[in-house]
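> Model the following, please.
(2 chains)
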Amino acid sequence: MRRVQARDEMAFREIVERYQAKVFSIIYGILRNHNDAEDIAQQVFSKIYFSIKNFDFRSSLLTWIYKITVNECYDYLRKKRVRKLVYESDFSEEDALRMENSETATEQGTPVDTRLAQRDLVVKLLDKLSEDDRTLLLLKEVEGHSVEELSQMTGMNENTIKVKLFRARQKLLKVAQRLQRGAGPTFA
Amino acid sequence: MHQLIKDHLEDYLRDPESRAIPPEFHVHLASCGACAQEATLFGAQSRLFRGALQGNDAEPAPGFYARVLNRIEEREDDSIWAALLEPAFGRRLAIACGTLALLLGTYLASTEHNEHGPVPSGIVMSDDRTAGLGDEAIQPRERDAVLASLASYRE
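Below you'll find the predicted structure:
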């Protein structure tokens, strides 16, 4: 890390090679589009390169990179307003292809259109959380880290993490209930 | 939600059968409707997140590092211009240019004024006396001059 902070190109290359798959996977999980994932992954690593001197070692490098990655995705979503247009012009190629192949196609037992709607809902919900809470929840739910691991990764104690996660979950429930009143079923 | 459930909620959401969860957790959940309902909703929320955002081990195309380096180089080139066009920096630059122009102007004006040399104090005083006076102030002097010339004419 110190070498990267001292602008050592070989050390930076090691970081890119070690985390590129992870970063790409996170972005693809949120956006479901290879081209966008590639573009944002490049953006993430260039941001890491320019801001690594500010990394203060309070959290793990993975947590820091994770946070930058998720924030970049949300910046992108805000700019392009994908949330509102997900069924229109920004419908991803992969999604479109799957839909074309079979209207009743299923993956992991869930119809494609349902999965798209679920992803859209999750992206919308996560947008309502603070950057820290969003990162924490994703590290817990999507990456499957335990509270103990999160404590080591973030430098916060386990109780703080539990409280933060609980509040984030409660907030999301409220937002989902509000959305449910406005549209259709959410967590049902 | 009761504290006992809050304390072990994360373990429960990760794996409801986890050994880290004490038996009284399940006993409470079976007897408290409010906690049970909320835990069910949190469980559904948790499954939704896990299902919706899995990245499916997607990886970037080969040559990713080279593309990242290109992006960094582009940003470095942009950052020089961005620094100049950045509003705060631009404002400071404009203020600095304005101040410099003012200082130069003052300097030039003062050196030009000094080139004409010092003005004799008598001239300055006479100028001072006439400067800013209107017709009323000049008229008595003219009247005196006319009277003086008429007197000399009669003589």
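
> residues in contact with residue 49?
Using chain A. Going by CB atoms under 8 Å, 6 or more residues apart in numbering or on different chains, A:Y49 touches A:F12, B:V68, B:I72. In short, each C-beta sits where N, CA and C put it, glycine included.

> actually chain B
For B:F49, the contacting residues are A:V122, A:L137, A:L138, A:E141, A:V142, by CB under 8 Å, 6+ apart.

> Work out the gap between stretch B:61-69 and the centre of the chain.
Taking CA atoms, centre = their mean, to the nearest Å, one finds stretch B:61-69 lying 35 Å from the centre of the chain it belongs to.

> Among the contacts of A:Y49, which one lies nearest to B:T106?
Using CB to CB, B:I72 comes nearest to B:T106 of the contacts of A:Y49, at 46.3 Å.

> isn't there a strand covering the closest one?
No: per DSSP: H, G, I helix; E, B strand; the rest coil, B:I72 lies outside any strand segment and is helix.

> Spatially central residue in chain B, please.
For chain B, B:A88 is the residue whose C-alpha lies nearest the centre (CA atoms, centre = their mean; 5.0 Å).

> Same question for it, what's its three-state structure.
B:A88 ends up helix, using three-state DSSP.

> still on that earlier bit, of the contacts of B:F49, which belong to helices?
A:V122, A:L137, A:L138, A:E141 (DSSP state H).

> okay, now the first one: neighbour count?
For A:V122, the neighbour count with other CB atoms under 10 Å in any protein chain shown is 24.

> Tell me who's in contact with it.
By CB under 8 Å, 6+ apart, A:V122 lies in contact with B:L48, B:F49, B:A52, B:L53.

> pLDDT score for it?
pLDDT for A:V122: 86.

> distance of the residue nearest to the centre of chain B from A:V142?
Here B:A88 is placed at a distance of 38 Å from A:V142 (CB to CB, to the nearest Å).

> Pull out the buried positions in stretch A:56-76.
By 16 or more other CB atoms under 10 Å in any protein chain shown, the buried positions in stretch A:56-76 come out as A:59, A:61, A:63-70, A:72-74, A:76.

> That one near chain B at all?
No: Stretch A:56-76 stays clear of chain B (CB under 8 Å from any CB of the partner chain), getting no nearer than 10.0 Å.

> Need the CA coordinates for that stretch. PDB is fine.
The C-alpha trace of stretch A:56-76 is given here as PDB (Å, rounded to 0.1, in the frame of the first residue of the first chain):
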ATOM      1  CA  ASP A  56      -5.800   6.300   6.000                       C
ATOM      2  CA  PHE A  57      -5.800   2.500   6.800                       C
ATOM      3  CA  ARG A  58      -8.700   2.900   9.200                       C
ATOM      4  CA  SER A  59     -10.600   0.300   7.100                       C
ATOM      5  CA  SER A  60      -9.400  -2.500   5.000                       C
ATOM      6  CA  LEU A  61      -8.300  -1.800   1.400                       C
ATOM      7  CA  LEU A  62     -11.200  -4.000   0.200                       C
ATOM      8  CA  THR A  63     -13.800  -2.000   2.200                       C
ATOM      9  CA  TRP A  64     -12.400   1.200   0.800                       C
ATOM     10  CA  ILE A  65     -12.400  -0.100  -2.800                       C
ATOM     11  CA  TYR A  66     -15.900  -1.500  -2.300                       C
ATOM     12  CA  LYS A  67     -17.200   1.800  -1.200                       C
ATOM     13  CA  ILE A  68     -15.600   3.700  -4.100                       C
ATOM     14  CA  THR A  69     -17.000   1.100  -6.500                       C
ATOM     15  CA  VAL A  70     -20.600   1.300  -5.100                       C
ATOM     16  CA  ASN A  71     -20.500   5.100  -5.100                       C
ATOM     17  CA  GLU A  72     -19.300   5.200  -8.700                       C
ATOM     18  CA  CYS A  73     -22.200   3.000  -9.600                       C
ATOM     19  CA  TYR A  74     -24.700   5.300  -7.900                       C
ATOM     20  CA  ASP A  75     -23.100   8.400  -9.400                       C
ATOM     21  CA  TYR A  76     -23.500   6.700 -12.800                       C
END
